[in-house]
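Trainee: here's a sequence, model it:
(one chain, ligands or ions: 1)
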Amino acid sequence: MPNILPKLETLEAWFITGSQHLYGDEALAKVAEHSQQVAAALDGDAEIPVRVVFKPVVTRPEEVCQLIDEANAAPNCVGLIAWMHTFSPAKMWIAGLSNLNKPLLHLHTQFNRELPWQTIDMDFMNLNQSAHGGREFGFMCSRLRVARKVVVGHWDDAQVRGEVGTWTRAAAARHDLRSARIARIGDNMREVAVTEGDKVAAQITFGYSVNGYGLGDVAAFVSHATEADVDRLCSEYDETYAMANSLKPNGPHRPSLRDAARIELGLRGFLESEGFVGYTDTFENLHGLKQLPGIASQRLMADGYGFGAEGDWKAAALVRASKVMAAGLSGGTSFMEDYTYHLSPDGSQVLGAHMLEVCPTIAADRPKCEIHPLGIGGKEDPVRLVFDTPAGPAVNATVVDLGNRFRMVLNEVDVVTPPDPMSKLPVARALWEPKPNLKTAAAAWIYAGGSHHPVFSQALTAQHYEDFAEMTGIELVVINSDTRLRELKNQLLLGDLRKD
Ligand code: MN
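Mentor: The predicted structure follows:
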């Protein structure tokens, strides 16, 4: 099935170099030559998934303004990378930066890596003066309260390029969300609080729109699925997954597999018909569908759709953003739920899962395709993919609506291998140990108001989400090995004092 993620190599970060006319044409020609070299090096690095596009050196306020206006309007430009090779008096940046509506990365680098001890003279000093040029630019960004990421180090260092790459992934996700459309199918699980929120505020903050649709809108597409398409999709299931015997051709539950395939075809058709990149459903509102979409939602997530269960549109949007950030990286990303605990004196763990909807990109092995009863929802038994998740580092992230602002809560975790295969558990799952430990992490998450529906990713790090939070202007609470509850409570208090 088609992957619907944007191709990151078609997106651009514009490389903009600040200078002035004080140094003369010869020096400016050198600045431009160096800038082209740095931009080309970043562009050619596989760690930076978007194109890095060199733009002519700016030396006057009008040039800054014009370039920033062009960047704002360019449909493929996800953000600006600014470098002050020389000293660029920062009043010339006021008008342009005031208009900037895309993310900014301040690359605080120097063309020369090392000081040429034997030959250094004033010409060298005048050409390599990022050390104070970057500070002048930094003052103006702070003075204007321009959100930006500052990356320090030589442009040829792998770590510096990695930081630029991480930022471009966040910028690509922000860019994608600005025009993203999320379908809230069947509204919300009744009485649930954290899945609600201000959709208008979300659209202002993140750009994505959330609109409601009835189940009949989806059911119409499900009923239009042809038998030939259902045959073809069932064959794809047979080839891709380890099928339970009862679901195999001529097995007693084969008709249920066909129903599941029909639901997947219908959901895809519905989402494609209006260009949605994410959706929610709820088991309490499934009129016209025979089963709660299980394998359908799992496979749609794997193709890049954002998904949130029980009407959780904020989760759907964050799954989508995470999928865009993670495009091309190893490790999967899924909608998740903190389901149940292992509270042992020898170390406590969280078993994460959902009723059905966990993305197979996080499967350790070939998923099993199974059918089991679902105790809630009053529908027929749903087909689902069942698998474990490989051990290793991961993050859980969520966005909640606090009424006057959005807060992202993130926890770094380690996925571990269960001591027993849990052979009776009929859903996909991940077992993890939160940092610094479950006791502190769960308390911190709960104090911060984090939802039970995080996005779980083995492809992304806290840094991706930190960059994303900063460029969307939302609060971020990170829970990791450094977390101390008393400090965290003070951080939450400071967040509440923030004027947004
Ligand atoms: Mn749930």
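Trainee: which residues touch the spatially most central residue of the chain?
Mentor: By CA atoms, centre = their mean, the chain has its centre lying nearest to Ser322, at 2.1 Å. Going by CB atoms under 8 Å, 6 or more residues apart in numbering, Ser322 touches Ala173, Thr333, Ala397, Val455, Ser457, Leu460. The C-beta positions use only the backbone N, C-alpha and C, and glycine is treated the same way.
Trainee: in what helix or strand does it lie?
Mentor: Counting by DSSP states H and E, the element that carries Ser322 is helix 313-325.
Trainee: just checking, next helix/strand downstream of that helix?
Mentor: Towards the C-terminus, the helix or strand next in line after helix 313-325, according to DSSP H and E, is strand 333-335.
Trainee: give me the number of residues near Arg484?
Mentor: Here the count is done by other CB atoms under 10 Å, and Arg484 has 11 residues near it.
Trainee: tell me the pLDDT of it.
Mentor: Here, the pLDDT recorded for Arg484 equals 98.
Trainee: which ones are touching it?
Mentor: For Arg484, the residues meeting the contact criterion (CB under 8 Å, 6+ apart) are Thr440.
Trainee: need phi/psi at it.
Mentor: phi -120, psi 130 (degrees, to the nearest 10).
Trainee: just His452 next, same as before
Mentor: Reported as degrees, to the nearest 10, the phi and psi values for His452 are phi -90, psi 10.
Trainee: and it, how far is that from Asp312?
Mentor: Between His452 and Asp312 the distance is 9 Å, computed by CB to CB, to the nearest Å.
Trainee: shared neighbours of these two, anything?
Mentor: Where contact means CB under 8 Å, 6+ apart, the residues bridging His452 and Asp312 through contact with each are Val194.
Trainee: looking at those two, which one has more neighbours?
Mentor: Regarding His452 and Asp312, a neighbour count based on other CB under 10 Å identifies Asp312 as having more, with 29 against 17.
Trainee: which SS state does the spatially closest residue to Asp43 that is not a sequence neighbour fall under?
Mentor: Residue nearest to Asp43 in three dimensions, not counting chain neighbours: Val52, with 4.0 Å by CB to CB, 6 or more residues apart in numbering. Under the three-state scheme (DSSP: H, G, I helix; E, B strand; the rest coil), the conformation of Val52 reads as strand.
Trainee: neighbours around the residue in the stretch 51-200 of the chain that the ion sits nearest to, how many?
Mentor: Of all residues in the stretch 51-200 of the chain, Met189 sits closest to the ion, with a separation of 7.6 Å (CB to the ion). In terms of burial, Met189 registers 18 neighbours under the definition other CB under 10 Å.
Trainee: and stretch 426-437 with the ion, contact?
Mentor: No - where contact is defined by CB under 5 Å from the ion, no part of stretch 426-437 touches the ion; the two come within 11.6 Å at best.
Trainee: which phi and psi does Leu410 have?
Mentor: Dihedral angles (degrees, to the nearest 10) for Leu410: phi -140, psi 140.
Trainee: same check, this time on Thr398
Mentor: Backbone torsions for Thr398, taken as degrees, to the nearest 10, come to phi -150, psi 160.
Trainee: so who does it touch?
Mentor: Applying CB under 8 Å, 6+ apart to Thr398 gives the contacts Lys314, Ala315, Leu318, Met408, Val409, Leu410, Gly450, Ser451, His453, Pro454, Val455.
Trainee: go again using 7 Å as the cut-off
Mentor: Residues counted as contacts of Thr398 (CB atoms under 7 Å, 6 or more residues apart in numbering) are Leu318, Met408, Val409, Gly450, Ser451, His453, Pro454, Val455.
Trainee: what pLDDT does the closest residue to the first one other than its chain neighbours get?
Mentor: Okay, so that is Leu318. Closest residue to Leu318 apart from its sequence neighbours, by CB to CB, 6+ apart: Val455 at 4.9 Å. At Val455, the model reports a pLDDT of 98.
Trainee: the residue nearest to Gly347 when sequence neighbours are not counted in helix, strand or coil?
Mentor: In space, and not counting its chain neighbours, Gly347 is closest to Glu433: 6.6 Å by CB to CB, 6+ apart. Assigned state for Glu433: strand (three-state reduction, three-state DSSP).
Trainee: quickly list what Glu433 is bridged to.
Mentor: Using DSSP bridges, the beta-bridge partners of Glu433 come out as Asp414.
Trainee: renumber starting at 27 from here on
Mentor: Sounds good: first residue 27 from here, last item Glu459.
Trainee: so it versus the ion, what's the distance?
Mentor: Counting by CB to the ion, to the nearest Å, the gap from Glu459 to the ion is 22 Å.
Trainee: that residue: what's it in contact with?
Mentor: Shown here is Glu459, whose contacts under the criterion CB under 7 Å, 6+ apart are Gly373, Gln375, Val439, Asp440, Val442.
Trainee: ok, of those, which come out buried?
Mentor: Among the contacts of Glu459, those classed as buried by 16 or more other CB atoms under 10 Å are Gln375, Val439, Val442.
Trainee: looking at the residues you listed, which is nearest the ion?
Mentor: Of all these, the one with the least separation from the ion (CB to the ion) is Val439, at 18.3 Å.
Trainee: got a pLDDT number for that closest one?
Mentor: Per-residue confidence at Val439 stands at 98 (pLDDT).
Trainee: I figured it hits Pro462, correct?
Mentor: No - with contacts counted by CB atoms under 7 Å, Val439 stays clear of Pro462, the gap being 10.6 Å.
Trainee: the ion contacts on the chain?
Mentor: Taking CB under 5 Å from the ion as the test, the list of the chain residues beside the ion reads Ala335, Glu336, Glu363.
Trainee: now, which of these sits nearest Ser272?
Mentor: For those, the closest approach to Ser272 (CB to CB) belongs to Ala335, at 25.4 Å.
Trainee: the host helix or strand of Ala121 packs against which elements?
Mentor: Under the assignment given by DSSP H and E, the secondary-structure element containing Ala121 is helix 120-125. Other helices and strands packing on helix 120-125, by 3 or more CB pairs under 7 Å, 6 or more residues apart in numbering; DSSP states H and E, are helix 87-99, helix 156-169.
Trainee: the first one packs against which elements?
Mentor: It stands for helix 87-99. helix 120-125.
Trainee: list the buried residues in the helix it packs on.
Mentor: Neighbour counts using 16+ other CB under 10 Å place Gly122, Leu123 of helix 120-125 among the buried residues.
Trainee: not counting sequence-adjacent ones, nearest residue to Pro278?
Mentor: Of all residues beyond its chain neighbours, the one nearest Pro278 is Ser272 (5.2 Å), with distances taken as CB to CB, 6+ apart.
Trainee: repeat that for Ser360.
Mentor: Setting aside the residues directly before and after it, Ser360 is nearest to Cys385 in space (CB to CB, 6+ apart), at 3.5 Å.
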